[in-house]
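Novice: Starting from these lines, generate the structure:
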Amino acid sequence: MTNKALIIGSGIAGIASAIRLAVKGFQVEVFEANSYPGGKLSEIRIGDYRFDAGPSLFTLPELVDELFQLAGNNPKDYFGYEKLDVTCRYFWEDGTKLNAYSDLNSFAEEVQTKLGEPASNIREALRSSAFIYDSLAPLFMNRSLHKVDTWTNPHALKSYLRMGKLGIFSTMNEANRKQFSHPKLVQLFNRYATYNGSNPFETPATLNIIPHLEFNIGAFFPKKGMHDITMSLYKLSRELGVNYYFGQKVEKVIVEDGEAKGIRVKGKDRFADLVVNNMDMVNAYKTILKGQKQPKLLLNQPKSSSALIFYWGIKRDFPELDLHNIFFSDNYPLEFEHIFKRGAVYDDPTIYVNITSTHKPDDAPAGCMNWFTMINVPNNQGQDWDAMIAEAKRNIIHKLNRILKTDVESLIDVEEILDPRTIESKTSSAQGALYGNSSNNKFAAFLRHANYSSSVKNLYFCGGSVHPGGGIPLCLLSAKIMSEMIES
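Specialist: Residues are numbered from 1 along each chain as shown. A predicted model of the protein is given here:
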């Protein structure tokens, strides 16, 4: 008889889990509160403009390819992507502009020419990033930290010997100030803390692992947009027999004698051999698992930052802009103090503008662009968001006007806004935090929920709020780690 698995949530980790379990021979059903799959990895259409709603950076595409290969299919038949020549364009108020070329030598020369930073410092920083990745990825990214064999395997033993070189005992900012002489380059590399919603002045320097993904391996763009990651994997899962139930909010995980037996949806009980939770861990324990043992230490951890996003259709083309663009704050420490200490939005925020129409022209009308305009903000703690959003919009527009020498407001054709409140309501992310628990201490990797329940048999977890963390690659790895615990 075929075993049955029920998955709560169709975020990218939930879809990946469905594929992996279907390949193992499970009959899989996915229950999703929204009317569409993908969670944060969805899209928005406003008039003639299309926007990728959430994650906008694509690294480690082999983790997506692997799912098609696992099912015996050619990834190229489903999903296409291209490597970026420029990973990001950086802008400062004093007129400095920097292209982060994917080619290491070109990037090193750009930095030396524009900032006077020795090219050798860039090469050394990226060698160090690769070293951290090679040392820690087999341990922290690809295995459960909650199993004894993780800590006794050869990779772990090798990592123990390298502890002093992995940045565990210093902050990201301290390591980058030691590595680089120019403050703008320190700021550029400190930015990688925001990739998991952290503060570079508090998070450990082990997060300097992230530049390795972007520079040494590469950043990519799905030819049909980021949303195509969701849709291509959704299509694959449907071909494997996975059934989806949209608009079906799970009310409870049914637990009997310490074992997950199924779920309750709209008052009806559905039974299965195992249950996988892709819902944010904190909100899951508050709602569908509220009758079970609560992991209080994890639930009470500080949460990551959130985001304020303006989806703007812009009635003009800006040739100086690319897919990824950053307009830096003049006072980075104060910006992060506002986010993490004051629960407020700094009046000179760092602005990220993602423009997919630079690579996918049909995302905007001819002569126009689709600006996904984002700033990092605190998670929702009951602030007056309406007032904060209005002020932030004014500050964003003024900053873009100064740097680009334009009048952004007059160019806005359409607009939609996503803030921490709507992030929480649409994705069940506790307090609208994008990455679950914060990574602002050296023990953060150990303060994420396991990919299984230690108190409820046959209950498993995947997604950005559990191990190994948030972002597309880590969400996909959470599904892999989880599925490898389950025997078919």
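Novice: C-alpha from now on. contacts and neighbour counts both.
Specialist: Noted.
Novice: so what's Asp269 up against?
Specialist: Shown in contact with Asp269 (Cα atoms under 8 Å, 6 or more residues apart in numbering): 254, 262-263.
Novice: Can you tell me how far it is from Leu6?
Specialist: 12 Å (Cα to Cα, to the nearest Å).
Novice: Quick check: neighbours shared by the two?
Specialist: Common neighbours of Asp269 and Leu6 (Cα under 8 Å, 6+ apart) are 262-263.
Novice: Quick check, Ile472 in contact with Ile12.
Specialist: Yes: judged on Cα atoms under 8 Å, Ile472 makes contact with Ile12 at a distance of 7.4 Å.
Novice: Between the two, tell me which one has more neighbours.
Specialist: Applying other Cα atoms under 10 Å to Ile472 and Ile12 shows that Ile12 carries more neighbours, namely 30 against 25.
Novice: Report the beta-bridge partners for the closest residue to the more buried one other than its chain neighbours.
Specialist: The shortest distance from Ile12 to any non-neighbouring residue, by Cα to Cα, 6 or more residues apart in numbering, is to Gly38 (5.5 Å). Per DSSP bridges, the residues bridged to Gly38 are Gly11.
Novice: Identify the residues contacting Gly38.
Specialist: Counting by Cα under 8 Å, 6+ apart, Gly38 has contacts 10-12, 15, 227, 230-231.
Novice: Render the CA-only coordinates of stretch 272-291 in CSV, please.
Specialist: Extracted in CSV, the C-alpha atoms of stretch 272-291 (Å, rounded to 0.1, in the frame of the first residue of the first chain):
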residue,chain,number,x,y,z
ALA,A,272,-1.8,10.2,6.7
ASP,A,273,1.4,8.4,7.6
LEU,A,274,3.3,11.6,8.1
VAL,A,275,2.8,15.4,8.1
VAL,A,276,5.3,18.0,6.9
ASN,A,277,4.9,21.6,8.1
ASN,A,278,6.1,24.3,5.7
MET,A,279,4.3,27.0,7.6
ASP,A,280,6.4,29.5,9.7
MET,A,281,7.5,27.5,12.7
VAL,A,282,6.5,30.2,15.3
ASN,A,283,3.0,30.7,13.9
ALA,A,284,2.6,26.9,13.5
TYR,A,285,3.1,26.4,17.2
LYS,A,286,0.8,29.2,18.1
THR,A,287,-2.0,27.8,15.9
ILE,A,288,-2.0,24.3,14.4
LEU,A,289,0.4,22.9,17.1
LYS,A,290,-0.8,24.9,20.1
GLY,A,291,-1.7,21.7,22.0
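Novice: Buried residues in that stretch, which are they?
Specialist: If you call a residue buried by 16 or more other Cα atoms under 10 Å, then stretch 272-291 has these buried ones: 272-285, 288-289.
Novice: chain center to that stretch, what's the gap?
Specialist: Mean-position distance between stretch 272-291 and its chain equals 21 Å (Cα atoms, centre = their mean, to the nearest Å).
Novice: So what touches that stretch?
Specialist: Contacts for stretch 272-291 (Cα under 8 Å, 6+ apart): 3-11, 13-14, 250-253, 260-263, 292, 294, 299, 427-430, 436, 449, 458-466.
Novice: and that stretch, what's its mean pLDDT?
Specialist: Average pLDDT, stretch 272-291: 96.
Novice: got it, and stretch 471-488?
Specialist: Computed over stretch 471-488, the average pLDDT equals 92.
Novice: Show me the helices in the stretch 251-400 of the chain, by range?
Specialist: For the stretch 251-400 of the chain, helices defined by DSSP state H, counting those that start in this stretch occupy the ranges 281-286, 296-299, 332-337, 385-404.
Novice: Please name every helix or strand in contact with the last one.
Specialist: The elements that helix 385-404 packs onto, with contact taken as 3 or more Cα pairs under 8 Å, 6 or more residues apart in numbering; DSSP states H and E, are helix 408-411.
Novice: That concludes my questions; thank you for your assistance.
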